[in-house]
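Participant: sharing a model prediction with you, sequence too.
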Amino acid sequence: MGGAYWIFVASPELAVAFYQALNPQIWLLARYIHSRRAARTECYHDERMDQVNVGIVGLGNIGRGTATILAENAEQIELKLGFRLRVKAICDRRIEQKPIPESLGSVFKTKDWRELVSHPDLHIIVELVGGTTVASEIINAAIANKKSVVTANKELMAACGADIWERAIAAGTNIAMEASVAGGIPIHAVLREGISGDRIVALYGILNGTSNYILTAMERYGTALDVVLAEAQRLGYAEADPTNDIDGFDARSKLAILAALAFGEKITPSDIFTEGIRRLSPVDFEYAHRLGQTIRLLCAARQTEQGLILSVRPALISTSTILAGVQGAYNAIWVKGLYGEDTFYYGRGAGPRPTGVAVVSDLMRVAREIRGGSPERVSPFAHKRLGEYKPIPVTRQKRAYYLRFRVNDREGIISTLAGILASKHISLDAVLQVPCETKHDLPFVITLEPTTEESVRDAVGLMSKLDFLIESPLALPMEPPL
Ligand SMILES: NC(=O)c1ccc[n+]([C@@H]2O[C@H](COP(=O)([O-])OP(=O)(O)OC[C@H]3O[C@@H](n4cnc5c(N)ncnc54)[C@H](OP(=O)(O)O)[C@@H]3O)[C@@H](O)[C@H]2O)c1
């Protein structure tokens, strides 16, 4: 039937009667449209819940920071979201001893995390327990119960985050982990969204605040590492067991997460060559300065034609680079893209408040997605099919090197060392020696022209057997700017 009907009627019932009478096909179409609208409205009411409910497991440093921000900043958060983010339950194994901000209102408290992950009213579980055992159980149980998860757990996420993400996607829930790397710097958001249109070619980071605090104090005051470490522990900047921080493991987990995101590869901590800062001494800063350099625990991920080279290690960097200005417990990330070139991100790397902001901002994003019923999510890990480059051993990296020796002085030392370097086809660049009173423990430095890490390791292996050395030579790469 051609043409259109224009019908003015007093009531919907009358309209229905008209349509029915005029054409049964139009009547069927009208009924279909009506039923779709009704279904959509029902769904809308279901999804547009008045508030999104949150349960926090772990009320330690970060848990307390998160709860405080959610309490003190509740009004702003609600204004920004357009709905309420409500902390409905908190779990901690010593819950009775933990103060909970009053303005959060009535909160269900428990010592048993199982009660939280199965709580029917909760939409998001915040895991702030840390470690890889209980935390993993909490996150997996939350996903199994169709709850989204926000976590700050770099250790767990670096080790098995990609599998957790797969499980979350299959369950239709979300995982957010901004707080797991560089505390207050929103680097996840940057890599997942901000510069996701670029092709990343290199990423440098200072990702461990404790190490950076120690190194910059050594540099500034000429104090030995163990003295600065003891002071950092006294002030609460370093853990009683500092291994994770000063041996590079904490930074390694963070680099594994960032590199996976930046390069779209599945990267595990074992792909990353890791060396801590224990062997550094104030004299290394003295020599580094003479070379126009400083030393930082540098997390580096670089694309080469052969593959991705990943390392966490102390390295010399030019004092004129922006990274050299990163002092104390601050963190920074420098990213180079093929198209957008350099971008730099700087901020506090840890602490209850900066990390709490990252957790709360994650909560806000996940809550928005829950309310919007958004099925498409940006992976916080490697993009499954991107697979830019596979990690390759750091031994293939070519760099200029800094070799620092401590020797019992005698004649012929330089010629012996030069002979070993020549046997490995390594060219010596310069020999530096600052005045030193003692001949029994004399430090000096040899810098090398760019060569492979493999050749340097071979040469250092041979040198380590020499009887005039007090300890094996310290070899540090001299990283060029990005
Ligand atoms: N600290 C930082 O600046 C920072 C920065 C970025 C990311 N993170 C990450 O944030 C997470 C939390 O770190 P944090 O410094 O807040 O650690 P934390 O101070 O040790 O807090 C952990 C809390 O979890 C509780 N807990 C442990 N096991 C539990 C269990 N089975 N059930 C219930 N509660 C349990 C602990 O209770 P007890 O009081 O009884 O021990 C403690 O209150 C970690 O993954 C960490 O790597 C921390």
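Facilitator: Right, received. Where do you want to start?

Participant: switch to C-alpha atoms for all contacts and neighbour counts from now on
Facilitator: OK.

Participant: could you point out the helix or strand that follows the lowest-mean-pLDDT helix or strand in the chain?
Facilitator: Using mean pLDDT, DSSP states H and E, helix 24-47 stands out as the lowest-scoring helix or strand of the chain, at a mean of 42. Once helix 24-47 ends, the next helix or strand along the chain (criterion: DSSP states H and E) is strand 51-57.

Participant: helices or strands next to that next one in the packing?
Facilitator: strand 84-91, helix 113-117, strand 124-127 (3 or more CA pairs under 8 Å, 6 or more residues apart in numbering; DSSP states H and E).

Participant: tell me the secondary structure at the nearest residue to Val228 once chain neighbours are set aside.
Facilitator: Distances taken as CA to CA, 6 or more residues apart in numbering place Ile214 nearest to Val228, at 5.9 Å, with adjacent residues excluded. Three-state call for Ile214 (DSSP: H, G, I helix; E, B strand; the rest coil): helix.

Participant: surely Ile214 meets Asp226?
Facilitator: No. Ile214 is not in contact with Asp226 according to CA atoms under 8 Å; the separation is 9.1 Å.

Participant: contact residues of the stretch 151-300 of the chain facing the ligand?
Facilitator: Those residues of the stretch 151-300 of the chain that sit near the ligand, judged by CA under 6 Å from any ligand atom, are Ala152, Asn153, Lys154, Ala179, Ser180, Gly183.

Participant: in TSV, list these along with secondary structure and pLDDT.
Facilitator: Formatted as TSV, those follow (DSSP: H, G, I helix; E, B strand; the rest coil; pLDDT from 0 to 100):
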residue	secondary structure	pLDDT
Ala152	coil	97
Asn153	coil	96
Lys154	helix	95
Ala179	helix	96
Ser180	helix	95
Gly183	coil	87
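
Participant: out of those, the closest to the ligand would be?
Facilitator: Asn153 (3.4 Å; CA to the nearest ligand atom).

Participant: quick one: that closest one from Gly236, how far?
Facilitator: As defined by CA to CA, to the nearest Å, Asn153 lies at a distance of 20 Å from Gly236.

Participant: more neighbours, those two?
Facilitator: Asn153 (24 against 11; other CA atoms under 10 Å).

Participant: what's near enough to touch the more buried one?
Facilitator: Contacts for Asn153 (CA atoms under 8 Å, 6 or more residues apart in numbering) come out as Glu127, Leu128, Gly130, Gly131, Met177, Ala179, Ser180.

Participant: go with 6 Å
Facilitator: With contact set as CA atoms under 6 Å, 6 or more residues apart in numbering, Asn153 has these partners: Gly130, Ser180.

Participant: how near is it to Lys336?
Facilitator: For Asn153, the distance to Lys336 equals 26 Å [CA to CA].

Participant: could I get the helices and strands packed on strand 51-57 as CSV with mean pLDDT and distance to the ligand?
Facilitator: Output for these, formatted as CSV (pLDDT from 0 to 100; distance: least, CA to the nearest ligand atom, whole Å):
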stretch, mean pLDDT, distance to the ligand
strand 84-91, 97, 6
helix 113-117, 97, 6
strand 124-127, 98, 8
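
Participant: in the stretch 351-482 of the chain, what residue is nearest the ligand?
Facilitator: Counting by CA to the nearest ligand atom, the stretch 351-482 of the chain gets nearest the ligand through Gly351, at 3.7 Å.

Participant: and for that residue, the neighbour number?
Facilitator: 16.

Participant: also Gln51?
Facilitator: Applying other CA under 10 Å, we find 16 residues neighbouring Gln51.

Participant: quick one: it and Val87 touch, right?
Facilitator: No. The criterion here is CA atoms under 6 Å, and Gln51 misses it with Val87 at 10.1 Å.

Participant: in stretch 277-289, what's buried?
Facilitator: Residues of stretch 277-289 classed as buried: Ile277, Leu280, Ser281, Pro282, Val283, Asp284, Phe285, Tyr287, Ala288, His289 (neighbour count, 16 or more other CA atoms under 10 Å).

Participant: check the secondary structure at Lys384 for me.
Facilitator: Three-state assignment for Lys384 (three-state DSSP): coil.

Participant: which non-adjacent residue is nearest it?
Facilitator: Closest residue in space to Lys384, ignoring its immediate chain neighbours: Gly264 at 7.0 Å, by CA to CA, 6+ apart.

Participant: equivalent analysis for Pro375, please.
Facilitator: In space, and not counting its chain neighbours, Pro375 is closest to Gly172: 7.3 Å by CA to CA, 6+ apart.

Participant: one step back: compute the number of surrounding residues for the residue nearest to Val228.
Facilitator: For Ile214, the neighbour count with other CA under 10 Å is 29.

Participant: the helices in the stretch 151-300 of the chain, which residues?
Facilitator: With DSSP state H, counting those that start in this stretch as the criterion, the stretch 151-300 of the chain has helices at 154-171, 187-189, 209-221, 225-235, 243-246, 249-263, 282-290.

Participant: ok, His383 to Arg252 distance?
Facilitator: Noted for His383: a distance of 20 Å to Arg252, by CA to CA.

Participant: and Val359, by the same measure?
Facilitator: Look at Val359 and Arg252: by CA to CA, they are 21 Å apart.

Participant: go on, Ile322?
Facilitator: 22 Å.

Participant: next one: Ser211
Facilitator: 13 Å.

Participant: who in the stretch 351-482 of the chain is up against the ligand?
Facilitator: Neighbours of the ligand within the stretch 351-482 of the chain, by CA under 6 Å from any ligand atom: Gly351, Pro352, Thr355.

Participant: setting aside sequence neighbours, what's the nearest residue to the residue in the stretch 201-350 of the chain that the ligand sits nearest to?
Facilitator: The ligand sits closest to Ala350 of the stretch 201-350 of the chain, with a gap of 3.7 Å, by CA to the nearest ligand atom. Using CA to CA, 6+ apart and skipping the chain neighbours, the partner closest in space to Ala350 is Gly183 (4.6 Å).

Participant: cool, Arg377 as well?
Facilitator: What sits nearest to Arg377 in space, not counting adjacent residues and going by CA to CA, 6+ apart, is Asn174, at 7.7 Å.

Participant: pretty sure that neighbour is touching Val150, no?
Facilitator: No. Counting by CA under 6 Å, Val150 is not a contact partner of Asn174; they are 8.2 Å apart.

Participant: what pLDDT does Ala240 get?
Facilitator: With respect to pLDDT, Ala240 scores 89.

Participant: so for Glu13, what pLDDT did the model give?
Facilitator: The confidence metric pLDDT takes the value 46 at Glu13.

Participant: for Lys266, same thing?
Facilitator: Predicted confidence (pLDDT) for Lys266: 88.

Participant: who are the contact partners of it?
Facilitator: Contacts of Lys266 by CA under 6 Å, 6+ apart are Ala260, Ala382.

Participant: Met157 versus that one, what's the distance?
Facilitator: Computed as CA to CA, the Lys266 to Met157 distance reads 12 Å.

Participant: and what of Ala230?
Facilitator: Counting by CA to CA, the gap from Ala230 to Met157 is 30 Å.

Participant: quick one: which of the two has more around it?
Facilitator: For Ala230 and Met157, the more surrounded residue by other CA under 10 Å is Met157, and the numbers stand at 25 against 16.
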